[in-house]
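Chemist: one predicted model, sequence on top.
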Amino acid sequence: MSDEANLLHLLAALVFGYLLGSIPFGLIFTRMAGLGDVRKIGSGNIGATNVLRTGRKGLAAATLICDALKGTAAVLIAAQWGPQFATIAALGAFLGHLFPVWLRFKGGKGVATFIGVLIGLKPLAALIFALIWLGVAVASRYSSLSALVASAATPVVLWLLGEPGMAGTAVILVALLWWKHSQNISRLLAGTEGKIGQKG
């Protein structure tokens with residue numbers, strides 16, 4: 001394959017991943033359930049955490065699963081053409097969730113899709129992410145802090161698992177995830193971030 005053809009294929013993988021990642025399941029599910037626009041409640045986010053604020057745990061769970069699986073699907077489909085394409089599709093899916101063209105580039109925070117692409121790229125890394133998340137969550141009861149710590153560890157985990165290319169891509173994903181959590185970070189530093197199970 002020539003350099004030009006390879007570049008076009010990589011671009012196609014990026015666009016494919018982006019379009020798949022940009023499907024706003026949280027918005028779709030809440031509208032189908034007759035709950036209106038989920039962006040008009042709570043944090044205004046389209047992710048599972050905000051969907052949960054509708055009081056519909058089933059819809060929140062469905063959103064979480066689908067937001068993850070769209071990342072996994074993008075990776076596994078693109079992987080048929082090689083690991084390089086899978087990694088690029090992972091980046092595309094994550095960008096699509098964060099900046100969906102259909103919603104004027106205002107999407108979710110990316111935790112579920114981050115886990116989803118990890119499942120597709122390196123299942124063991126996804127498992128380690130989940131274990132770190134769980135450990136921090138039990139110790140701190142902060143969901144956001146758990147995601148931040150687990151995501152920050154991911155590039156190191158991928159490197160140690162012998163995947164330097166994936167680790168490099170993960171650095172970009174982590175930087176974007178942390179940027180999308182900037183308000184959570186501010187609240188954590190101020191001691192005002194809500195804890196898991198805390199009401200109000």
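Modeler: Yes, it's here.
Chemist: ok, the spatially closest residue to residue 193 that is not a sequence neighbour to residue 144 distance?
Modeler: Nearest non-adjacent residue to residue 193, counting by Cβ to Cβ, 6 or more residues apart in numbering: residue 187, 3.9 Å away. For every residue, glycine as well, the C-beta is placed using N, CA and C. Residue 187 sits at a distance of 8 Å from residue 144 (criterion: Cβ to Cβ, to the nearest Å).
Chemist: looking at these two, which is more packed in?
Modeler: residue 144 (22 against 15; other Cβ atoms under 10 Å).
Chemist: next one, pLDDT for that one please.
Modeler: On pLDDT, residue 144 comes in at 91.
Chemist: from residue 49, how far off is it?
Modeler: For residue 144 relative to residue 49 (Cβ to Cβ), the value is 9 Å.
Chemist: same check, this time on residue 119
Modeler: 19 Å.
Chemist: count of neighbours near residue 175?
Modeler: 13.
Chemist: what number of residues lie near the residue nearest to residue 61 when sequence neighbours are not counted?
Modeler: Nearest non-adjacent residue to residue 61, counting by Cβ to Cβ, 6+ apart: residue 48, 7.3 Å away. For residue 48, the neighbour count with other Cβ under 10 Å is 25.
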